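Chemist: what's the 3D shape of this:
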Amino acid sequence: MKKIRLVAVGKLKEKFYASACAEYIKRLSRFAEISVVEIKDRADGITAESTDVLAALKGYTVLADLGGESMSSEEFSAFLSDALTKNDIVTFVIGGSCGVDDRVKKRADKRLSFGKMTYPHMLMRVIALEQIYRAFTISEGMPYHK
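Modeler: Okay, here's the model as predicted:
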């Protein structure tokens, strides 16, 4: 089975974010084995968080990054399908409120922008999981994507 990992800085505290993430993880489970790795917010800053993120990375790595490539949902679906065909694991990374340092950016196989706007990093988890789910429904020809 295809494996997707989401490595994210911070613990979901708001129930509405946790509920939305749980729903998309449940939906995704029919397409792939999905796991979420939470990296502790570190008081000693972005360097320490990035070190922890680097230690958690496995497989092909996609970093959510404002400076990354923009894709339509259809392009993202094709990209994800190709990445999962060529790799055992695809790991998505969402940094903390201050982002990640250059070591994580250099380690990423792909830097992906979810738009020019800035989102709270906790909301970004929901957005990423929804887009991953949407990508699978597109590739499977399901009616979710309109």
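Chemist: from memory L63 sits against K106, does it?
Modeler: No: at 9.9 Å, L63 does not count as touching K106 under the criterion of CB atoms under 8 Å. In this view, the C-beta of every residue, glycine as well, is placed from N, C-alpha and C.
Chemist: out of those two, which sits in the more crowded spot?
Modeler: Taking neighbours as other CB atoms under 10 Å, L63 and K106 compare with L63 leading, 26 against 8.
Chemist: a helix runs through the more buried one, doesn't it?
Modeler: No: per DSSP: H, G, I helix; E, B strand; the rest coil, L63 lies outside any helix segment and is strand.
Chemist: State the distance from it to I94.
Modeler: With distances taken as CB to CB, to the nearest Å, L63 is found 8 Å from I94.
Chemist: what packs against the lengthiest helix in the chain?
Modeler: The helix spanning the most residues in the chain, taking DSSP state H as the definition, is helix 121-139. Helices and strands touching helix 121-139, as assessed by 3 or more CB pairs under 8 Å, 6 or more residues apart in numbering; DSSP states H and E, comprise strand 3-9, helix 15-28, helix 73-86, strand 89-94.
Chemist: Now with 10 Å, please.
Modeler: On a contact count with 3 or more CB pairs under 10 Å, 6 or more residues apart in numbering; DSSP states H and E, helix 121-139 meets strand 3-9, helix 15-28, strand 33-39, strand 60-70, helix 73-86, strand 89-94.
Chemist: list the residues that contact both of L63 and I94?
Modeler: Counting by CB atoms under 10 Å, 6 or more residues apart in numbering, the common neighbours of L63 and I94 are 7, 53, 100.
Chemist: how about these in TSV, adding neighbour count and pLDDT?
Modeler: Formatted as TSV, the shared contacts of L63 and I94 follow (neighbours: other CB atoms under 10 Å; pLDDT from 0 to 100):
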residue	neighbour count	pLDDT
V7	24	98
V53	27	97
V100	24	95
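Chemist: ok, those residues vs E75, which is closest?
Modeler: For the shared contacts of L63 and I94, the residue nearest E75 by CB to CB is V7; the value is 22.8 Å.
Chemist: Kindly state the beta-bridge partners for the closest one.
Modeler: With DSSP bridges applied, V7 shows beta-bridge pairing to V37, V93.
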